[in-house]
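In: structure for this input, please:
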Amino acid sequence: MFTLTRSEKREIRTCSALLRDYEASGKWAANPEKLVFEGVGDKDVYNIAAPFEDGGGPVIAGRVESRDSESSDIVFFTQREGIWTPREGAPVLRLQDPFHTRIGGELIVGGVETYPLPGRTGGLSWRTVFYKGSGIDTLKPFFTGPDGMKDLRLIELADGGVGVFTRPQGEKGGRGKIGFVRLPSLGDLTVEAIEDAPLLAGQFADEEWGGANELHLLAGGLVGVLGHIACFDAWGARHYYPMAFALDPETGEHSDIELIAARNRFLPGEAKRSDLADVVFSGGLIRKPDGTADLYAGVGDAEAQKITIADPFARYEGKELERIHEYRSI
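Out: Numbering: from 1, shown residues only. The predicted model follows:
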């Protein structure tokens with residue numbers, strides 16, 4: 001059972017409260033595995049997206065960078081005998097944190113572009129850049145999101161429209177909150193539409209932040225959102241947790257955030273810095289017919305791992321959309 005309610009009726013749950021709920025829930029995780037990458041020298045591969053089919057086989061897009069740098073490339077890898085290596089002839093994108101989807105039959109790939117801040121030596125800002133094509137080998141840039149916005153995500157809705165999940169920061173979004181807008185088509189995607197998207201209020205405390213990482217269209221028309229919620233502790237270390245919720249694109253109503261994993265469910269490993277040891281950045285889900293899902297994630301900003309969990313969107317499938325409308329007057 002679940003309820004989608006209006007945001008003003010929602011209690012904001014902090015990272016610490018959500019973690020307590022997760023640890024008390026008995027949610028299981030199994031089969032932790034480190035993904036092995038070769039062919040990139042001594043660079044790390046992390047913040048991977050879930051694998052997808054292209055050119056007749058599975059491909060993984062990963063963030064590739066040196067341990068002492070945040071200058072990154074998105075590299076497309078194929079697997080052979082358990083080892084992921086760069087796909088020959090595939091483009092290399094000068095971006096961070098890859099993601100992908102399909103809209104109108106085309107592959108859409110995106111990531112975060114960093115660029116210097118004018119007047120600030122060493123200062124960087126960021127924006128989300130999108131490419132599209134029939135496959136990896138034909139990708140061309142087609143849209144750049146607002147300056148200062150990461151975690152911009154798109155999904156083709158059941159009626160052919162496009163759902164846009166945003167993450168403004170600053171005056172509107174603080175450290176980062178999720179917004180949503182529904183557009184008639186991909187051709188209606190503009191910076192102005194993104195900046196005007198209303199926030200999904202009631203999700204993040206002002207001192208915390210989060211964003212959408214991957215979107216799933218569910219049977220019945222809901223959107224399953226795989227994302228992350230994050231916070232600082234008293235010593236300045238970052239803590240990132242994979243989370244999920246469902247949204248009705250017709251009304252903007254959404255379920256409560258729930259954690260679906262934590263760092264201790266993955267294998268021990270390295271971190272880029274000591275303050276990033278508890279970072280798990282959701283990359284993607286491969287949902288399976290048996291009610292489980294493989295969660296692909298970046299761990300410690302240094303490694304790529306996956307675990308098997310219960311499918312967090314299974315309970316939102318089917319006729320759930322019809323039941324949500326009972327709560328519109330709450």
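In: can you list the low-confidence ranges for the protein?
Out: 1-10, 121-122, 319-330 (pLDDT under 70).
In: mind redoing it with 50?
Out: 1-2, 6-7, 319, 321-330 (pLDDT under 50).
In: and the longest helix for it?
Out: Ranked by number of residues, the top helix in the chain under DSSP state H is helix 15-25.
In: list the contacts of that helix.
Out: With C-beta atoms under 8 Å, 6 or more residues apart in numbering as the test, helix 15-25 has contacts from 13, 208, 229-231, 239, 241, 243, 257-260, 262. (C-beta placed from N, C-alpha, C; glycine too.)
In: what is the burial count for the residue nearest to V191 when sequence neighbours are not counted?
Out: Leaving out its chain neighbours, the residue that sits closest to V191 by C-beta to C-beta, 6 or more residues apart in numbering is P146, at 5.1 Å. When neighbours are defined as other C-beta atoms under 10 Å, P146 has 15 of them.
In: repeat that for R102.
Out: Applying other C-beta under 10 Å, we find 13 residues neighbouring R102.
In: so who does it touch?
Out: Applying C-beta under 8 Å, 6+ apart, the residues near R102 are I108, E156.
In: with R265 instead?
Out: The contact partners of R265, by C-beta under 8 Å, 6+ apart, come to A29, P32, I307, I309.
In: likewise for G135?
Out: Neighbour list for G135: D54, G55, L107 [criterion: C-beta under 8 Å, 6+ apart].
In: gap between the closest residue to the second one other than its chain neighbours and E53?
Out: Among residues not flanking G55 along the chain, G135 sits closest, at 6.3 Å (C-beta to C-beta, 6+ apart). Using C-beta to C-beta, to the nearest Å, one gets 10 Å for the distance from G135 to E53.
In: repeat for G173
Out: On the measure of C-beta to C-beta, G173 and E53 end up 34 Å apart.
In: do V191 as well
Out: As defined by C-beta to C-beta, V191 lies at a distance of 32 Å from E53.
In: tell me which stretches of this protein form helices.
Out: 15-25, 191-196, 320-324.
In: residues touching the residue lying farthest from the centre of the chain, list them.
Out: For the chain, the residue at maximal distance from the C-alpha centroid (C-alpha atoms, centre = their mean) is G119, at 31.3 Å. Neighbour list for G119: empty [criterion: C-beta under 8 Å, 6+ apart].
In: need phi/psi at it.
Out: The phi/psi pair for G119 (degrees, to the nearest 10) reads phi 80, psi 0.
In: thanks again, I'm all set now.
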